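Asks: My questions concern the predicted model and sequence given below.
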Amino acid sequence: MMSRHSPIHVLICAIGVTVALTGCKREERQYRPMPPAASLDKTIRMSPIQPGQPQDTTQTKNDKEDSAYAVAEGQRLFRSYNCNGCHANGGGGMGPPLMDDKWIYGSDPANVVATILEGRPNGMPSFRGKIPDDQVWELAAYVRSMSGLLPKDVSPSRQDHMSAKNPESSTQALVPVEGGSAPPASTGTQQ
């Protein structure tokens, strides 16, 4: 004998299925996204003292900083490209620390991207043409998260085996200090 469902039961099931399907919101991911609209062709302000015409001081928008997935990808790329070999997981080694409030070449996302792409004197190599543009912007987002410049909900947690400090998601935001000291130049002698 087949039992018939009452119209009320069918209506309740239909409402439940509708609520369940509309209640799930997924983050949209682009698999070959265009890099953010920031143009690195113009001069990027490195410090408060710079000759020439007055500069536009508005901060460049890095769309990767709004996505927890993109920042976590930046964390993965940081390890994969061996950035931690010079920056000691952000604490500084041969390269400057990335966890503090001192930004030698500026804290704007465009400054971080320019540093990755063009390199810097006394050690930072240029990665232009070696790292895809969208990955450079993900790396820049992760580097800025290390010093607490990103919202806590997109900053990745520090992995358990790297417990030198609290995870980026619980790092206190520090106000960047422009024009910090550059790392010492190599003398070229080895012992």
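Replies: Cool, the structure landed.

Asks: which stretches of the protein form strands?
Replies: With DSSP state E applied, the chain shows strands at 102-103, 177-178, listed in chain order.

Asks: got the contact list for the first one?
Replies: This means strand 102-103. 96, 111, 176, 177, 178, 180, 181 (C-beta atoms under 8 Å, 6 or more residues apart in numbering). (Glycine included, C-beta is placed from N, CA and C.)

Asks: Any buried residues in the longest helix along the chain, and which?
Replies: Assignment by DSSP state H gives helix 7-22 as the longest helix of the chain. Using 16 or more other C-beta atoms under 10 Å as the test for burial, helix 7-22 gives no buried residues.

Asks: go on, stretch 80-90?
Replies: For stretch 80-90, by 16+ other C-beta under 10 Å, it's 83, 84, 87, 88, 89, 90.

Asks: got it, and stretch 123-138?
Replies: Here stretch 123-138 shows 124, 127, 134, 135, 136, 137, 138 as buried, counting by 16+ other C-beta under 10 Å.

Asks: mind checking the backbone torsions on the second one?
Replies: By that I understand residue 127. Per-residue torsions, residue 127: phi -110, psi 10 (degrees, to the nearest 10).

Asks: Just give the closest residue to it, not the sequence neighbours.
Replies: residue 116 (5.4 Å; C-beta to C-beta, 6 or more residues apart in numbering).

Asks: Around the one you found, count how many other residues there are.
Replies: By the criterion of other C-beta atoms under 10 Å, residue 116 has 24 neighbours.

Asks: Assess the claim that it and residue 130 are in contact.
Replies: No - judged on C-beta atoms under 8 Å, residue 116 makes no contact with residue 130 at a distance of 9.8 Å.
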